[in-house]
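Q: here are the coordinates; sequence isn't available:
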Ligand SMILES: Nc1ncnc2c1ncn2[C@@H]1O[C@H](COP(=O)(O)OP(=O)(O)O)[C@@H](O)[C@H]1O
Ligand SMILES: [Mg+2]
């Protein structure tokens, strides 16, 4: 058993209560703010000697000096005169601790007088009620880090039932940029979840939005960690290796040629997939991008009309010059033009109850979207998406939206999360639980400002996600700037190094001044953890994530130069058929425009045909007979498809 | 104690809660006195001497005692029953911090006049206090001695004597086991062993009795900071003769003439050593001057009290309350 650290004291002015007590220690004791201690009571109650566990929240020290002036007089006003005094004044170290747990829990009494010990690993388990979810056979503990004090080194576990659901869910992390290690903490925790998520709870995957620079671009690459980190990994039984299964998604840049991501180095591209959506996908989420003033009832009605009657259908109207089949923004714009031209010709103010002004407005807004989301929205209606329906266990899906405009980010965000939700509701996503990681939450769910679709959606996940297995991990600098119900529904909260002004906001009033001081000076790799089982916040250390840091990745794998159109298309096609050559591509596309080439590429990527060469070539006029594509003597232009090619015809 | 008394002496009148401690009443202070003393140092009259060299740490132990007496009730005949507690401790300085040396002494006694108590009352008191019951009956012929206030004074003086005895007991223990110097609050002449020991230094803060007259007195009251008087001899019929001198710890400018003034007592030198008494007084004075910091504030006597003694008092307050 550890040696006695201190003794409980209580005075009339500073009494002990069931939730707080005081103790004094020797001047050289290893106690600090955040230290977990155990009190062994002096007298038995109902035949058992009570034990109380607490965490130090405040410390005091004073001497027998009644007034500072007395000390000044003692030194004759000269601070350097210290060596004259032969005796150090009597001095006390007094600590206040908040109660974590009473054993037994009943009757709940003020903390008794008794001796105070440093908590060892077993004590920590009991104090934080972790014993309840670390039982062999029914373990649901997910290590979040290691508690360290004195000689104690105890892993701290979160309860998966309260982190991923269904009892509670979600995690929120706050702290100043660059020092709070927020992004790193989430990366580490995902590694820990993937390692320790209990088998009986099923499968889990993560969808991460990379919103800033190269932050999450190298999750599958090894990172630099030191021996101290390795010790923490070992203590938490997590292997210090990068994520094994990571899939990247990024829209094209506005040129439609290269992907809009910093993970564009040739060596890393094989698990990067283009994210392109067609008109249908976008129109469904039009309200994400149209703010309230835009979408009045009339505009809404028109958009609904288009969704129901125009999109993907053959649309015929005598008034129009020609029939329309709208599958892309380009088609839609042609349709709008036709409608407006017809109205002008007839000098009419409305068409099918829609006023010309409404039609103009909606056309404007929608074409704006296609402009602002260029690269994401394929003009030709082609779609390349996350593998909804075949999500894999313990896989991270990273969607790189860092280089996109806000509108495009919102659109991606809204659609991906809504799709995840729909699939989880139908239980056909491919996994049973998905952790969605959103950085800069204050941007997406601000506490003030207008109601947006994205914020409503985040609120909805925060409030209902836990029943579905849809879990939000969110990070932001200032928690006070995030919508209350989003952070309020977060079962687990982490805090890294905090800003003083933020700590002065009312949300932190429950913390003692000493805890606030500690938060304002936390080192990198230290976090304060709030979790439903812990009655008080706990301080832990966690290791650097064993993945490559963004800025290391950028220097080790510099982003590729913007490739030529041909090079970019070839690279994409080669993922389907590695035997393709640049010579072949140039031959096939000799007479084609850039748009035609991109359209062909998108079609092929979507269809994934067995014979890439033939499928691709079909898009181009064979003005000059390709040397290799079709044998001159082939009688039929449509040769039989390979038996295993479902798309062949 | 009060409760025990009430239970055993239903007829006794209890005191109301919070009746003042006898130490706070002022009727017992001695009358101021001037006594001329024989100068031991040099051949002339008593002089002021500057302690030139720097103060230097010389003490390892500090000894002080406390006492507290309360009227706990009255006998049926009106005589007071006094509870007196005496305590003493030596605090030892190790590595600039204070620690308790050995065990502190804390003792409680009950004081009442046997002659004014009924046999039942006396038996009851005996039951409570056993051997710690002390008779304070007036001596034969002392009529005033039955005055309740005289009885209280008598009790008070017994408690004081008890405290002095405890202090002496501790000091004697120190002298028999330690060789390092012990700073004693008060005089050392009460115990033979202590008074002749080379490791004890007594420092007296109260000057109801001043050992000088005339010019010598003016010299003493005119001492400046870090000045001492010549060494003189203090003799008293029932006490051991010791060597003594006055020492000014703090600058008295603008204060009363006894501000920061203490009287030091050490063992009287052998005649063979007498020539060196001045050097010895200088050395001991430097030790005492070294204890002037840290200040013993907020104690009101901080001008004369050293921190080690305040520490003893704080310690005793903690263990006796
Ligand atoms: N456990 C850790 N121990 C020490 N340093 C760390 C740890 N985790 C991350 N860091 C370092 O802290 C810095 C900031 O981390 P980051 O996660 O980007 O912070 P934030 O997301 O809060 O801006 C990085 O340079 C990273 O290497
Ligand atoms: Mg970050």
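A: Done, it's in. Because the structure is predicted, anything quoted here is derived from the model rather than measured. Ligands and ions are numbered 1, 2, ... in the order given.
Q: got the domain ranges for chain A?
A: As recorded under automatic domain parsing, the domains making up chain A are A:4-72+A:87-127, A:153-274+A:384-497+A:537-553, A:280-372, A:563-617.
Q: for chain B, find the nearest of these.
A: The closest of the domains of chain A to chain B is domain A:4-72+A:87-127. By CB to the nearest CB, the value is 3.7 Å. Every C-beta, even on glycine, is put in place using the N, C-alpha and C of the backbone.
Q: so how far is that closest one off the chain centroid?
A: Centre-to-centre, domain A:4-72+A:87-127 and its host chain are 39 Å apart (CA atoms, centre = their mean, to the nearest Å).
Q: mean confidence (pLDDT) on that domain, please.
A: Averaged over domain A:4-72+A:87-127, pLDDT sits at 94.
Q: right, is that domain up against chain B?
A: Yes - taking CB under 8 Å from any CB of the partner chain as the criterion, domain A:4-72+A:87-127 and chain B are in contact, through A:64-67, A:70-71, A:87-90.
Q: now do the helices in the stretch 151-300 of chain B.
A: Counting by DSSP state H, counting those that start in this stretch, the stretch 151-300 of chain B has helices at residues B:192-196, B:214-221, B:277-290.
Q: just the pLDDT for residue A:639.
A: Residue A:639 carries a pLDDT score of 42 in this model.
Q: sorry, back to before: any idea which of the domains of chain A is most buried?
A: Among those, the stretch with the highest mean neighbour count (mean count of other CB atoms under 10 Å in any protein chain shown) is domain A:153-274+A:384-497+A:537-553, at a mean of 20.
Q: and it, anywhere near ligand 1?
A: Yes - contact between domain A:153-274+A:384-497+A:537-553 and ligand 1 is present through A:175, A:177-178, A:180-184, A:542-544, A:549 (criterion: CB under 6 Å from any ligand atom).
Q: and the helices of the stretch 151-300 of chain B: which comes nearest residue A:443?
A: helix B:277-290 (66.9 Å; CB to CB).
Q: coming back round to it: out of the residues of domain A:4-72+A:87-127 next to chain B, which sit inside helices?
A: Secondary structure defined by DSSP state H assigns A:70-71 of the residues of domain A:4-72+A:87-127 next to chain B to helices.
Q: what would the residues of domain A:4-72+A:87-127 next to chain B look like in JSON lines with distance to residue A:328?
A: Below are these laid out as JSON lines (distance: CB to CB, whole Å):
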{"residue": "A:64", "distance to residue A:328": "84"}
{"residue": "A:65", "distance to residue A:328": "82"}
{"residue": "A:66", "distance to residue A:328": "84"}
{"residue": "A:67", "distance to residue A:328": "83"}
{"residue": "A:70", "distance to residue A:328": "86"}
{"residue": "A:71", "distance to residue A:328": "82"}
{"residue": "A:87", "distance to residue A:328": "89"}
{"residue": "A:88", "distance to residue A:328": "83"}
{"residue": "A:89", "distance to residue A:328": "83"}
{"residue": "A:90", "distance to residue A:328": "84"}
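Q: which among the residues of domain A:4-72+A:87-127 next to chain B are in contact with ligand 2?
A: With respect to ligand 2, and counting by CB under 5 Å from the ion, no part of these is in contact.
Q: could you pull up phi and psi at the residue in the stretch 101-250 of chain B positioned nearest to ligand 2?
A: Here the residue of the stretch 101-250 of chain B nearest ligand 2 is residue B:101; by CB to the ion that distance is 59.9 Å. Backbone torsions of residue B:101, given as degrees, to the nearest 10, read phi -90, psi 130.
Q: for the domains of chain A, give me CSV that also has distance to residue B:160.
A: Formatted as CSV, these follow (distance: least, CB to CB, whole Å):
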stretch, distance to residue B:160
domain A:4-72+A:87-127, 26
domain A:153-274+A:384-497+A:537-553, 56
domain A:280-372, 91
domain A:563-617, 103
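Q: go through those domains and name the closest to residue B:273.
A: Taking CB to CB as the measure, the domains of chain A were each checked against residue B:273, and domain A:4-72+A:87-127 came out nearest at 30.6 Å.
Q: out of the helices of the stretch 151-300 of chain B, which gets the lowest mean score?
A: When the helices of the stretch 151-300 of chain B are compared on mean pLDDT, helix B:192-196 scores lowest, with a mean of 90.
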